[in-house]
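**Student:** Let me see the structure of the following:
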Amino acid sequence: MRVAAAIALLSVMLVQQSLGWGADGHRMINRLAAAALPTDVPAFLRNGEALDTMEYLGPEPDRWKNHAEEDLSVTQSPDHFIDIEWADLVSVPCTAGQGGCPSSGLDLPHRRYDFVRAVEKAAAAHPDLNLTAEKIGFQPWQVEEVYERLKAGLREYRKLVAANQDTKPVETAILFYAGWLGHYVADGSQPLHDTIQFNGWTGPNSNGYTTEHKIHSQFETMFVIAAAKASDVAPLVAAAKPQVLNDEWADYLNYLRHSNSLVEQTYQLEKAGGFVGTGTLESRAFLNERLAAGAIELRDMIYTAWVKSGDPVQDFHGPQ
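**Tutor:** From the prediction side, this is the model:
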């Protein structure tokens, strides 16, 4: 019975931790990212229909959290978060800025199942932590996998254009990949998706941060509804020049670590009443910066996928 109760509690924790920005935040981030794409990106990713589609798809993975699709809900919930504090038990030191090494000088296994195996080894060395890969979360691996789907789709688009063939079917697939990617990239800009402190402070708490299980939804849903305006976030996105990422994996880990560095500030703002109603000047500025960070990272990942889809690759022709 205790084991069954623990499993049930873990399922609840995973669902709690994977609620995202709320529908409004996800829609805003996706639309702003698409609207800020450079003009050398194909028009079907930037026109009015694209903006509407991207906006609609922002909350899509959260629509998969339904008891009617329980297997899907439980299986994909860890894709929305990563507890960096636990993930660092399997981090690998590297030389910052060289060979795709993140600026922290700490890398993670690049492939999902390599990470799973590394966590199994770490769990054996730390039996008191009850570690599993699902408990730590798969956030960056989900982003990388969907990014690569997007890049592959854009490569196929280039082929069809060159052959003067119909591109509408692949455009549909690409828009879905881009919108799907947007959900997880947006999750990464929410600091409470990147930490063990995801919904109430745990462990030593000398600063008296809230331990109630409400800060997560209060910040990313209720506060967004009350205070977030696309007109306030859009100038922050526009101020950051689009860039092609040299190594999207390393860049994304840098992005997650920066978000994780803002966890305590999130709790400080909550303690000061910053997420009540429309909040304060400081809490609104913090919210706008986080929403803009998500849109900027998504825009740059889409742009990078487009540019790198032009790199020559050897087509797959099955087992040889």
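**Student:** surely residue 60 meets residue 179?
**Tutor:** Yes - contact criterion CB atoms under 8 Å: residue 60 and residue 179 qualify, at 6.4 Å. Just so you know, the C-beta spots here come from the backbone N, C-alpha and C atoms, and that holds for glycine as well.
**Student:** which one of those two has more residues nearby?
**Tutor:** Per other CB atoms under 10 Å, whichever of residue 60 and residue 179 has more neighbours is residue 179, with 26 against 15.
**Student:** could you measure the closest residue to that one other than its chain neighbours against residue 49, distance?
**Tutor:** Among residues not flanking residue 179 along the chain, residue 57 sits closest, at 2.7 Å (CB to CB, 6 or more residues apart in numbering). Using CB to CB, to the nearest Å, one obtains 12 Å as the distance from residue 57 to residue 49.
**Student:** Look at these two and report which has more neighbours.
**Tutor:** Using other CB under 10 Å, the more surrounded residue of residue 57 and residue 49 is residue 57, with 22 against 12.
**Student:** Contacts only, for that one.
**Tutor:** 30, 175-176, 178-180, 182-183 (CB atoms under 8 Å, 6 or more residues apart in numbering).
**Student:** Report pLDDT for it.
**Tutor:** Residue 57 carries a pLDDT value of 98.
**Student:** Same check on the one 10 residues further on?
**Tutor:** Per-residue pLDDT puts residue 67 at 87.
**Student:** In this structure it contacts residue 73, no?
**Tutor:** Yes - Residue 67 is in contact with residue 73 according to CB under 8 Å; the separation is 7.3 Å.
**Student:** Those two: who's more crowded?
**Tutor:** Shown here are residue 67 and residue 73; by other CB under 10 Å, residue 73 has more neighbours (17 against 6).
**Student:** Does the more buried one touch residue 62 like I think?
**Tutor:** No - checked against CB under 8 Å, the pair residue 73 and residue 62 is beyond contact range at 10.0 Å.
**Student:** And the strands in the stretch 1-150 of the chain?
**Tutor:** 92-93, 106-107 (DSSP state E, counting those that start in this stretch).
**Student:** For residue 42, which of those strands is the nearest?
**Tutor:** Residue 42 lies closest to strand 106-107 among those, at 32.7 Å (CB to CB).
**Student:** Show me what that closest one pairs with in its sheet, parallel or antiparallel.
**Tutor:** The strands beside strand 106-107 in its sheet (DSSP bridges) come out as strand 92-93 (antiparallel).
**Student:** Mind putting the contacts of residue 57 into TSV with distance to residue 279?
**Tutor:** TSV is the format used below for those (distance: CB to CB, whole Å):
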residue	distance to residue 279
30	23
175	34
176	34
178	31
179	29
180	30
182	25
183	24
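**Student:** For burial, what's the neighbour tally of the residue nearest to residue 151 when sequence neighbours are not counted?
**Tutor:** Nearest non-adjacent residue to residue 151, counting by CB to CB, 6+ apart: residue 305, 4.2 Å away. Residues lying near residue 305 (other CB under 10 Å) number 27.
**Student:** To which secondary structure element type does residue 305 belong?
**Tutor:** Under DSSP: H, G, I helix; E, B strand; the rest coil, residue 305 falls in the helix class.
**Student:** same question, residue 257
**Tutor:** Classification of residue 257 by three-state DSSP places it in helix.
**Student:** what's it in contact with, if anything?
**Tutor:** Applying CB under 8 Å, 6+ apart, the residues near residue 257 are 84, 102, 104, 194.
**Student:** could you redo the last one with a cut-off of 10 Å?
**Tutor:** The contact partners of residue 257, taken as CB atoms under 10 Å, 6 or more residues apart in numbering, are 84, 88, 102-104, 106, 194.
**Student:** now those residues as a markdown table including pLDDT and distance to residue 152?
**Tutor:** Output for the contacts of residue 257, formatted as a markdown table (pLDDT from 0 to 100; distance: CB to CB, whole Å):
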| residue | pLDDT | distance to residue 152 |
| --- | --- | --- |
| 84 | 98 | 28 |
| 88 | 96 | 31 |
| 102 | 97 | 24 |
| 103 | 96 | 28 |
| 104 | 96 | 29 |
| 106 | 97 | 29 |
| 194 | 98 | 27 |
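**Student:** Take the residues you listed and keep only those in helices.
**Tutor:** Counting by DSSP state H, the part of the contacts of residue 257 found in helices is residue 84.
**Student:** Columns neighbour count and distance to residue 217 on top of the contacts of residue 257, output as CSV?
**Tutor:** Below are those laid out as CSV (neighbours: other CB atoms under 10 Å; distance: CB to CB, whole Å):
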residue, neighbour count, distance to residue 217
84, 25, 21
88, 14, 27
102, 22, 30
103, 13, 31
104, 18, 29
106, 17, 30
194, 29, 17
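**Student:** got the contact list for the nearest residue to residue 313 once chain neighbours are set aside?
**Tutor:** Excluding its sequence neighbours, the residue lying closest to residue 313 (CB to CB, 6+ apart) is residue 155, at 7.0 Å. By CB under 10 Å, 6+ apart, the residues touching residue 155 are 170, 305-306, 308-313, 315.
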